[in-house]
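*Asks:* here is my input, please return the structure:
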Amino acid sequence: MQNEVLTVDQVDCCVVGGGPGGAMLALLLARQGVRVKLLEAHHDFERDFRGDTVHPSTQEVLEQIGLIEKLRALPHARVFEFPTHYADGSVSPPAASGVRSKYPHTLEVPQARFIELLVEEARQYPTFSIVFGARAEELIEQDGVVGGVRYRASDGRHEVHASLVVGADGRFSKIRQLAGFPLVGARAPLDVLWLRLPRTATDPERAHGIYLGADGFLVVIPRGEAFQVGFTFPKDGYTRVRAAGIDALRSRIATRAPFLADRLQLLTDWRQTTLLQIEIGRVRRWYRPGLLLIGDAAHVMSPAAGVGINYAIQDAVVASNVLGQRLCQGTLRTSHLAAVQRTRELPTKIMQAIQRQMQPRDDRVGHVSASMPMVVRLMRLPLLNQLPTRLIAFGGFRSEPVRELEVTPCPFRTLLRTAGAFVLDVISHLEPAYCMAFGLYPWPGTGDRHK
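*Replies:* As a prediction, the model looks like this:
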């Protein structure tokens, strides 16, 4: 009974992973009349020390779909530049933005609130649904074509049959693992220990930024009424950091960023910290018939420059533009999935190469080099910062616009499918075997559209 399938649902697209990329894709598809189900493994969106940076291109996307004012209503901090604080106490001068956008700044917005905004908007569309606590366990396949997902919730196992499954479940992607896509890439030379400290009225005006010290560097990011602090150390050095004790950690933080010394007594327990093991990598192929990976599931980004959300959102916009109407019309082919990768792969590869160069090196004596990487110094020069500036701000060479909706996308077909899906859902919840017996849930994706 433990492996009995309790419900069987039929949709056009099943998105696995309720992060920014998955939530945005589900919303954009629902706006086009695509039946989309979003599976989120956790029971809410509350996670500590995730990326909160909303770059200019993401703000442009939200403006296009009418959500920019709702975003601004959320708690946030505006960041126009990210200064470097040197060991002698000097600070780099404010850098010119160089970003030609209506929104030349980034916003630091709590990621949970940002995702909730996207999901609440998606709920306005009848073709959208979401399941919390849904952990993907198995891909449904036939003749090499992915046709859905089996997942486990608190009440048991369920199935979703879909013309397309999208893995948007992050750097440790279960869908990537189930699909057998190996992640290739080099290990980063350092890891980060994240913690949170309160902001005060006496903080320096440009307190955020990168703090270089004799034994490494510190990242300080404004997060509402607190600073998110990233303490860096050489790769696999966490055991040594823990062995030195919490007092030693407080001392090293104060040495790198002296203005934080007056509140470090609040750091009393290792449970107030979170370890991030930095990796940079990607899969060589983002798709299989019936399956597509986006965001960190396809390309794991480093925290450097805070571009993870931006690149996942841009992946979602391109995927929605290319696939939305084809899903609605039942004309999806594998070549359309390949088109998504072709559009997004080159800027992602270049950005990852820049991230590798932005990372300080291990000096081989147990410390991270405190000198600023050459690529970061070059990025401050007006003539050399255009490409990396665009890649960081726009998640690519340019910001991908959301494709305008047709006046009434797939009206009659969408109405019929929505009504039919409701009837079938009612039947399947009573007894899934009835649907299977009468062929109401055929294997999707086995037709010509995936050739």
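*Asks:* grab the longest helix from this structure for me.
*Replies:* helix 334-358 (DSSP state H).
*Asks:* what is that one packed up against?
*Replies:* If you count contacts as 3 or more Cβ pairs under 8 Å, 6 or more residues apart in numbering; DSSP states H and E, helix 334-358 packs onto strand 281-282, strand 287-288, strand 291-293, helix 308-329, helix 374-378, helix 386-394. All C-beta atoms are positioned from the backbone trio N, CA, C, and that covers glycine.
*Asks:* out of the ones you listed, which one sits most buried?
*Replies:* By mean neighbour count, with neighbours taken as mean count of other Cβ atoms under 10 Å, strand 291-293 ranks first of those at a mean of 29.
*Asks:* ok, the helix or strand following it: who's next to it in the sheet?
*Replies:* Downstream of strand 291-293, the next assigned helix or strand under DSSP states H and E is strand 299-300. Looking at strand 299-300 with DSSP bridges, its partner strands are strand 281-282 (antiparallel).
*Asks:* thought residue 301 was touching residue 349?
*Replies:* No - assessed by Cβ atoms under 8 Å, residue 301 is found out of contact with residue 349, at 11.5 Å.
*Asks:* neighbour count: the two, which is higher?
*Replies:* Neighbours were counted for residue 301 and for residue 349 using other Cβ atoms under 10 Å; residue 301 has more, 26 against 12.
*Asks:* which residue, other than its chain neighbours, is closest to that one?
*Replies:* residue 308 (4.5 Å; Cβ to Cβ, 6 or more residues apart in numbering).
*Asks:* where's that neighbour relative to residue 177, distance?
*Replies:* Distance, residue 308 to residue 177, by Cβ to Cβ, to the nearest Å: 20 Å.
*Asks:* ok, now residue 168?
*Replies:* Relative to residue 177, and taking Cβ to Cβ, residue 168 is found at 14 Å.
*Asks:* tell me which of the helices and strands packed on helix 334-358 lies nearest to residue 202.
*Replies:* helix 374-378 (28.7 Å; Cβ to Cβ).
*Asks:* which residue ranges make up each domain of this protein?
*Replies:* The chain is divided into the following domains under automatic domain parsing: 5-74+109-186+280-360+388-394, 190-234+236-276.
*Asks:* what sits against the residue nearest to the spatial centre of the chain?
*Replies:* The centre of the chain sits closest to residue 309, judged by Cα atoms, centre = their mean, with a distance of 4.4 Å. Shown in contact with residue 309 (Cβ atoms under 8 Å, 6 or more residues apart in numbering): 20, 21, 51, 52, 53, 54, 55, 58, 111.
*Asks:* now with 7 Å, please.
*Replies:* Residues near residue 309 by Cβ atoms under 7 Å, 6 or more residues apart in numbering: 20, 51, 53, 54, 58.
*Asks:* can you count the residues close to the second one?
*Replies:* Translated: residue 51. 20.
*Asks:* just the third one next, same as before
*Replies:* Around residue 53 sit 21 other residues, with neighbours defined as other Cβ under 10 Å.
*Asks:* isn't it up against residue 110?
*Replies:* No - between residue 53 and residue 110 there is no contact under Cβ atoms under 7 Å: 11.3 Å.
*Asks:* where's residue 240 relative to residue 248, distance?
*Replies:* 10 Å.
*Asks:* what do you get for residue 27?
*Replies:* Residue 27 is 46 Å from residue 248, by Cβ to Cβ.
*Asks:* fine by me, thanks again.
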